[in-house]
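Asker: no sequence for this one, just the structure:
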């Protein structure tokens, strides 16, 4: 099937990707806050590592969002 | 650190909020590791999807016409969501904890990102303990559900899909006996 990837289709794809990445960044932020809270409820050796991974995930989401915003 | 990731961990080196000074954590329980199989498999399979779709020709759309930057961003977005899928499922497993301490049973239910519940019951309030092992995976890997009936109209405590349910049942009944003497 031939789809003409014209400006309107590309703009639609861009809006969808940006929306997804925006919600992903919010998810990553909530997940990081939640784990910070949970690690106070139950202190384990893994919690600091998990908090770090979720912080990296949050930055990844933001970097992806900014990349999509400026590159697409 | 590996011990913290166990699903059946006697005397774990952890501390929880509201833990009393003389209270000792005897057992930490999570869902059996085998219960993570399907989402782990999906997590490992999902990264192949953009490559199959864009380069495998599995969809009747010619994605070769799409600018390369779009292909890259879509692929990275997909991989990001895959990582998110892993983290959500890992957290769901990791923070769903039941602690059997020398005084009580503490059940921490991580339902989703926006909901977390901690409930506890003392051993002298437990009236009945039941465990069940049903289905082929549970019989093969020795895991099952342990449920506790507490006094009065309080709801049942459910500890689901934990390893060695007979051992857990045994420990709880022993602690119930000890609390009544």
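Answerer: Great, that's in hand. Everything numeric here is computed off the predicted structure, so don't read it as measured data. Numbering: from 1, shown residues only, chains lettered A, B, ... in the order given.

Asker: Tell me where chain A has strands.
Answerer: Taking DSSP state E as the test, the strands found in chain A are A:42-43.

Asker: Can you check which helix is longest in it?
Answerer: Looking across chain A with DSSP state H, the single longest helix is helix A:7-41.

Asker: again with chain B
Answerer: helix B:68-94.

Asker: Can you point out the buried residues in that one?
Answerer: By 16 or more other C-beta atoms under 10 Å in any protein chain shown, the buried positions in helix B:68-94 come out as B:70-71, B:73-84, B:86-87, B:89-94. The way it works is simple: take the backbone N, C-alpha and C, and place the C-beta from them, glycine included.

Asker: Residue numbers of chain A in contact with chain B?
Answerer: Within reach of chain B by C-beta under 8 Å from any C-beta of the partner chain, chain A has these residues: A:1-5, A:10, A:13, A:17, A:20-21, A:24, A:27-28, A:30-31, A:34-35, A:37-38, A:40-46, A:49-50, A:53-54, A:57, A:60-61, A:64, A:67-68, A:71-72.

Asker: Start from the N-terminal end of chain B and give the strands.
Answerer: Ranges of strands within chain B are B:8-10, B:15-16, B:25-29, B:97-101, B:104-112, B:115-122, B:126-132, B:143-150, B:157-163, based on DSSP E.

Asker: between those strands, which one is nearest to chain A?
Answerer: Chain A lies closest, by C-beta to the nearest C-beta, to one member of those: strand B:15-16, at 4.5 Å.

Asker: Pairing partners for that closest one, with directions?
Answerer: strand A:42-43 (antiparallel) (DSSP bridges).

Asker: could you give the mean pLDDT of the strand it pairs with?
Answerer: What strand A:42-43 shows for mean pLDDT is 84.

Asker: Other residues contacting it?
Answerer: Contacting residues not belonging to strand A:42-43 are listed as B:14-17, B:95, B:97, B:108 [C-beta atoms under 8 Å, 6 or more residues apart in numbering or on different chains].
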